[in-house]
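Undergrad: quick one, structure for this:
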Amino acid sequence: MLPNDAFPLPVNPIRFWWTTTPRTLRTLMAVIGGGWVLYLVASLPSDAGALPFEWLALRPEAWTHRPWSLLTQSLVLPAHGLGALLSIVFSLMFLNQIGRDAEQLLGSRWLMGAWLAATLGASVVSVAAFSLWGQPPYVYGPWGAVLGLMMALGVRFPDKSIGLMFIGVVRLVYVAAGFVVVSMLLSGSVYAAIPDFGALVAGALWGVYTKRQVGRPARREPAMRAETSPKATATMRRAERAAERERLGERDLDRILEKISAEGMASLTPEERRVLEEASRR
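TA: Now for the predicted structure:
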């Protein structure tokens with residue numbers, strides 16, 4: 001008879017990913033994927049799906065009216081077309097691989113800090129570029145934050161690499177910078193790479209900042225002051241008096257023992273006998 005594990009049950013890939021992925025990364029990917037699916041479903045019967053995109057994507061010329069879009073722009077992506085589908089799939093794949101390493105090596109706070117820094121970097125640089133040269137009407141998508149996270153982890157660990165199909169193993173900093181160059185070449189415009197460039201700069205700054213924090217000595221806490229309440233003062237004084245009496249008693253005992261060795265027990269006074277009996281009881 002064959003053992004029970006001779007024919008193992010098929011593994012559910014979604015359940016396996018859910019149970020093996022760190023919590024913060026899992027939540028972040030679920031929010032991005034869920035927002036994309038919501039947009040896709042809402043856009044099927046009507047144009048209602050455009051409402052989440054309009055409210056969450058960043059419009060550089062109107063960011064003061066929707067300041068939250070400086071952060072939420074990395075959570076939305078239009079669902080129409082094969083290009084949008086491939087974009088969301090590959091961005092989540094890279095986020096899963098890079099984010100898993102980041103959270104396991106440096107913790108969830110570092111991961112979210114890098115993500116927020118990269119997102120804000122992309123938004124701030126886009127707003128500044130729009131005020132100078134003009135920009136496309138919207139800034140959106142997780143690619144900028146993913147590349148910024150990749151750059152931050154690459155700066156934090158310069159030897160950290162990733163395997164790319166048909167290319168081989170490449171360092172993270174080169175992969176992040178290469179994506180921006182490829183984006184400019186495919187779009188034929190520098191403007192398309194401005195958000196990604198801002199995310200790269202912010203990610204690099206986050207990596208440098210956190211790397212310096214590791215080597216910096218911990219701040220010394222100020223020494224705690226002793227309690228000065230009347231009760232604490234009286235307790236300290238009693239302890240000091242008891243210690244003093246104990247020191248005096250030890251001196252008397254030494255003197256009495258010397259007297260016994262020199263003159264014998266009969267030479268002791270009643271007070272000296274009492275001190276000796278108390279010392280023997282202790």
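Undergrad: quick one, strands of the stretch 101-250 of the chain?
TA: With strands called from DSSP state E, counting those that start in this stretch, the stretch 101-250 of the chain shows them at 161-164, 168-171.
Undergrad: now stretch 146-156: average pLDDT?
TA: Per-residue pLDDT over stretch 146-156 has a mean of 92.
Undergrad: hang on, the earlier thing: out of the strands of the stretch 101-250 of the chain, the one nearest residue 82 is which?
TA: Distance to residue 82, taken as Cβ to Cβ, is lowest for strand 161-164 among those, at 21.5 Å. Placement of C-beta: from N, CA and C, glycine included.
Undergrad: now the strands of the stretch 101-250 of the chain as CSV including distance to residue 152, mean pLDDT and mean neighbour count?
TA: Below are the strands of the stretch 101-250 of the chain laid out as CSV (distance: least, Cβ to Cβ, whole Å; pLDDT from 0 to 100; neighbours: other Cβ atoms under 10 Å):
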stretch, distance to residue 152, mean pLDDT, mean neighbour count
strand 161-164, 14, 83, 14
strand 168-171, 14, 86, 11
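Undergrad: so which of the ones you listed gets nearest residue 182?
TA: strand 161-164 (11.7 Å).
Undergrad: reformat the strands of the stretch 101-250 of the chain as JSON lines; add distance to residue 70.
TA: JSON lines is the format used below for these (distance: least, Cβ to Cβ, whole Å):
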{"stretch": "strand 161-164", "distance to residue 70": "28"}
{"stretch": "strand 168-171", "distance to residue 70": "30"}
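Undergrad: quick one: closest of those strands to residue 31.
TA: Closest among the strands of the stretch 101-250 of the chain, using Cβ to Cβ: strand 161-164, at 23.6 Å.
Undergrad: okay, helices next: where are they in this structure?
TA: 13-20, 23-42, 50-56, 69-72, 82-106, 108-133, 143-156, 172-187, 194-215, 230-263, 270-281 (DSSP state H).
Undergrad: need the winner for burial among the ones you listed.
TA: Here the criterion is mean neighbour count by mean count of other Cβ atoms under 10 Å, and of the helices of the chain the winner is helix 143-156, at a mean of 28.
Undergrad: what helices or strands is it leaning on?
TA: helix 82-106, helix 108-133, helix 172-187, helix 194-215 (3 or more Cβ pairs under 8 Å, 6 or more residues apart in numbering; DSSP states H and E).
Undergrad: out of those helices, the one nearest residue 34 is which?
TA: Of these, nearest to residue 34 by Cβ to Cβ is helix 82-106, at 11.4 Å.
Undergrad: can you tell me what sits against the closest one?
TA: 17, 21-22, 24-25, 28-29, 32-33, 36, 77-79, 110-111, 114, 141-143, 146, 149-150, 152-153, 156-157, 160, 162, 172, 210 (Cβ atoms under 8 Å, 6 or more residues apart in numbering).
Undergrad: do that again at 7 Å, thanks
TA: Residues from elsewhere that reach helix 82-106 (Cβ atoms under 7 Å, 6 or more residues apart in numbering): 21-22, 24-25, 29, 32-33, 36, 77-78, 110-111, 114, 141-143, 146, 149-150, 153, 162.
Undergrad: got it, and stretch 190-197?
TA: So stretch 190-197 is contacted by 122, 125-126, 129, 135-136, 139, 143-144, 147, 179-180, 183-184 (Cβ under 7 Å, 6+ apart).
Undergrad: and residue 72, what is it in contact with?
TA: residue 56.
Undergrad: now it: how far from residue 107?
TA: Going from residue 72 to residue 107 by Cβ to Cβ, to the nearest Å gives 24 Å.
Undergrad: next: residue 52.
TA: 31 Å.
Undergrad: quick one: closest of the helices and strands packed on helix 143-156 to residue 61.
TA: Using Cβ to Cβ, the nearest of the helices and strands packed on helix 143-156 to residue 61 is helix 108-133, at 6.0 Å.
Undergrad: check what pLDDT residue 38 gets.
TA: 67.
Undergrad: next: residue 43.
TA: 59.
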